[in-house]
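Asks: okay, here's the prediction I keep looking at, along with the sequence it came from:
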Amino acid sequence: MSWLEKLKTRWKVGSVGQVVLILLVFACTGFTVLFLKKPLFRFAFGAGEMPTWASVVYYIVILPVYNVFLLIYGFLFGQFQFFWAFEKRFFQRILSIFRAHK
């Protein structure tokens with residue numbers, strides 16, 4: 001069984017083509033977040049050295065931004081249902097971790 005077939009089974013999707021679209025959504029989302037960092041930092045701090053705390057704040061703030069872009073690209077590539085379910089599972093896991101530590 002190929003790795004695409006394994007992903008198809010794991011993600012419970014209908015075809016290998018859908019797996020490719022899902023991987024394309026993840027790639028586009030990752031590149032978008034990557035390309036946003038430099039202009040945002042340049043706007044906030046100029047061309048100089050960026051403080052370490054700014055990188056920490058960026059990685060905290062980028063999580064919800066990444067998830068929004070995931071839904072946007074999922075919609076554009078016709079995979080919104082998959083990514084909506086993916087997001088719900090993701091946030092249920094995050095919330096269960098916080099609940100377990102109370």
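Replies: Yes, it's here.
Asks: as a whole number, average confidence for the helix or strand that contains Val33?
Replies: Here Val33 sits within helix 16-45, counting by DSSP states H and E. Summarised as a single mean, pLDDT over helix 16-45 is 92.
Asks: helices or strands up against that helix?
Replies: On a contact count with 3 or more Cβ pairs under 8 Å, 6 or more residues apart in numbering; DSSP states H and E, helix 16-45 meets helix 3-11, helix 52-76, helix 80-100. Just so you know, the C-beta spots here come from the backbone N, C-alpha and C atoms, and that holds for glycine as well.
Asks: 6 Å instead, please
Replies: Where contact means 3 or more Cβ pairs under 6 Å, 6 or more residues apart in numbering; DSSP states H and E, helix 16-45 is packed against helix 3-11, helix 52-76.
Asks: buried residues in that helix, which are they?
Replies: 18-19, 21-22, 25, 28-29, 33, 41 (16 or more other Cβ atoms under 10 Å).
Asks: from Leu71, how far off is the closest residue to Leu70 other than its chain neighbours?
Replies: Distances taken as Cβ to Cβ, 6 or more residues apart in numbering put Thr29 closest to Leu70, at 4.9 Å, once the chain neighbours are dropped. Thr29 is 9 Å from Leu71, where distance means Cβ to Cβ, to the nearest Å.
Asks: swap in Lys37?
Replies: For Lys37, the distance to Leu71 - Cβ to Cβ - is 20 Å.
Asks: one more: Phe41?
Replies: 25 Å.
Asks: check Trp11 too.
Replies: Distance, Trp11 to Leu71, by Cβ to Cβ: 16 Å.
Asks: just how off-centre is stretch 39-50 within its chain?
Replies: Taking Cα atoms, centre = their mean, to the nearest Å, one finds stretch 39-50 lying 24 Å from the centre of the chain it belongs to.
Asks: how far does that stretch stretch from start to finish?
Replies: This stretch, stretch 39-50, spans 12 Å end to end (Cα to Cα, to the nearest Å).
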